[in-house]
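*Asks:* From the sequence below, what's the structure:
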Amino acid sequence: MSSHGMYFEQFQPGFRLVTAGRTVTEADVVAFAGLSGDYNQLHTDAEFSKATPFGQRVAHGLLGLSIASGLLMQTGILSGTVLAFREIREWKFIKPIFFGDTIHVEMEVGEVKALPRLQAGAVVIHLQVKNQTGETVMKGVWNALVMSRPA
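*Replies:* Numbers count the residues shown, from 1 in each chain. Take a look at the predicted model:
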């Protein structure tokens, strides 16, 4: 792959990609709490969390979603070619992400729709975020606007 991402015309339904993994740390959770203002005890209080059904602190669901976005961008397939993150069509938080879990994203292109007026196209991306044991912790469908190949 070149130093730029894929153009709209290169995305075909069924195209699959698996990202690298990333371990979610306590520092990530603390930083996200500060950034978002979400200091829910489930994420920040070890003693409180012992009494929850999880038995320990868990990462924010939106932190997992954000990391998934970053992992996808790190593959380079959208570097310099994505114009907009248009929509989260659906998203399910299935299992908790615990401190120390390593997550990765398994992506598959669903539908693609050319938008010639915008010199781009819509790419529907189905994602599964999985932990180190292969369990799906979250999944959903995103829609991105990707530029067309220059004439």
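
*Asks:* List the neighbouring strands of the longest strand seen in the chain plus their orientation.
*Replies:* Selection of the longest strand in the chain by residue count, based on DSSP state E, yields strand 102-115. Sheet pairing for strand 102-115, assigned by DSSP bridges, gives strand 16-18 (antiparallel), strand 22-23 (antiparallel), strand 120-130 (antiparallel).

*Asks:* Any chance you could list what contacts the shortest one?
*Replies:* Outside strand 22-23, the residues within contact range by Cβ atoms under 8 Å, 6 or more residues apart in numbering are 67, 70-71, 100-104. Quick note: C-beta positions are derived from backbone N, CA and C, even for glycine.

*Asks:* hmm, back to that, of the strands paired with strand 102-115, flag the one that's most buried.
*Replies:* Most buried of those, by mean neighbour count (mean count of other Cβ atoms under 10 Å): strand 120-130, with a mean of 21.

*Asks:* what about the helices in the protein?
*Replies:* In the chain, the helices defined using DSSP state H lie at 26-36, 41-44, 46-50, 61-74.

*Asks:* Just put the ones you listed in CSV and tack on mean neighbour count and mean pLDDT.
*Replies:* Below are these laid out as CSV (neighbours: other Cβ atoms under 10 Å; pLDDT from 0 to 100):
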stretch, mean neighbour count, mean pLDDT
helix 26-36, 14, 97
helix 41-44, 17, 96
helix 46-50, 12, 97
helix 61-74, 18, 97
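
*Asks:* Turn the ones you listed into JSON lines, including distance to residue 135.
*Replies:* Converted to JSON lines, the helices of the chain look like this (distance: least, Cβ to Cβ, whole Å):
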{"stretch": "helix 26-36", "distance to residue 135": "19"}
{"stretch": "helix 41-44", "distance to residue 135": "19"}
{"stretch": "helix 46-50", "distance to residue 135": "20"}
{"stretch": "helix 61-74", "distance to residue 135": "13"}
